[in-house]
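A.B. asks: Could you work out the structure for the sequence below:
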Amino acid sequence: MYTIWRSVDVSFAHHVRGHRGSCINLHGHTWKLEVCAAAAALDAEGFVVDFRRLQGDVLQPAHALLDHALALGEESYGEVAGELQAMGAKLVASRAKVHGEGVVEPERPALRLAGADNRFPGGMKVAVFPFSPTSERLAEWLWRLANEKLTDARVSVPCVRVYETLHPVQSVAEFRPG
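C.D. replies: Residues are numbered from 1 along each chain as shown. The predicted structure follows:
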């Protein structure tokens, strides 16, 4: 069996709904999203999957959804959307205070990916998931995305890893189906 691994680092914040400890607070991490692809036989070019395909079809879209976003579950988002609208507007307005009135807002394309989507209350980037975004649930979400994009008669996705904190101590969540 041949296996390959590819990863991307992404910085985003999250909130763990109902957490008994400090993860109830909005807080951020530098995360690492890592995907494993496997095949018993290589393709005609000698690959399990070309790394560019793994990057372009799975990791880059996941990075685009999450990069510098606040990740929330749908239930939490529904409860605080109004407050996020007001807060986002105030935070984004700081551009004009620092740079003057002529600042052009960057384009922010709406992205929907494997059941999650970006929303922009008041101009602030939020990634909304159908679940509370714990490392474990994000790992399963990433596996479902990778499985949908990469699995065929030859290639499988045996697991993915989501590293919640890269430094100084690694905290890892892994999902393997079955």
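
A.B. asks: C-alpha coordinates for stretch 2-22, CSV please?
C.D. replies: Provided in CSV are the C-alpha atoms of stretch 2-22 (Å, rounded to 0.1, in the frame of the first residue of the first chain):
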residue,chain,number,x,y,z
TYR,A,2,1.3,3.4,-0.9
THR,A,3,0.3,6.4,1.2
ILE,A,4,0.9,10.1,0.8
TRP,A,5,0.3,13.0,3.2
ARG,A,6,-0.2,16.7,2.4
SER,A,7,-1.0,19.5,4.8
VAL,A,8,-1.7,23.2,5.0
ASP,A,9,-1.4,25.5,8.0
VAL,A,10,-4.3,27.9,8.6
SER,A,11,-5.0,30.5,11.3
PHE,A,12,-8.5,30.9,12.6
ALA,A,13,-10.5,31.2,15.8
HIS,A,14,-13.3,29.1,17.1
HIS,A,15,-15.8,28.7,19.9
VAL,A,16,-16.7,25.3,21.4
ARG,A,17,-20.4,25.5,22.3
GLY,A,18,-21.2,24.5,25.9
HIS,A,19,-17.6,23.8,26.8
ARG,A,20,-17.0,23.5,30.6
GLY,A,21,-13.6,25.1,30.4
SER,A,22,-11.9,28.0,28.7
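
A.B. asks: Confirm that residue 55 lies within a strand, as I assumed.
C.D. replies: No. Assignment of residue 55 by DSSP: H, G, I helix; E, B strand; the rest coil gives helix, placing it outside any strand.

A.B. asks: is it fair to say residue 106 lies in a helix?
C.D. replies: No. Residue 106: not assigned to a helix; according to three-state DSSP it is coil.

A.B. asks: Give me the distance between it and residue 95.
C.D. replies: For residue 106, the distance to residue 95 equals 10 Å [Cβ to Cβ, to the nearest Å]. For glycine as for every other residue, the C-beta is placed from the backbone atoms N, C-alpha and C.

A.B. asks: Residue 160 now?
C.D. replies: 36 Å.

A.B. asks: Residue 177 too?
C.D. replies: Distance, residue 177 to residue 95, using Cβ to Cβ: 44 Å.

A.B. asks: So the two - more neighbours on which side?
C.D. replies: Taking other Cβ atoms under 10 Å, residue 177 and residue 95 do not tie; residue 95 has more neighbours (14 against 11).
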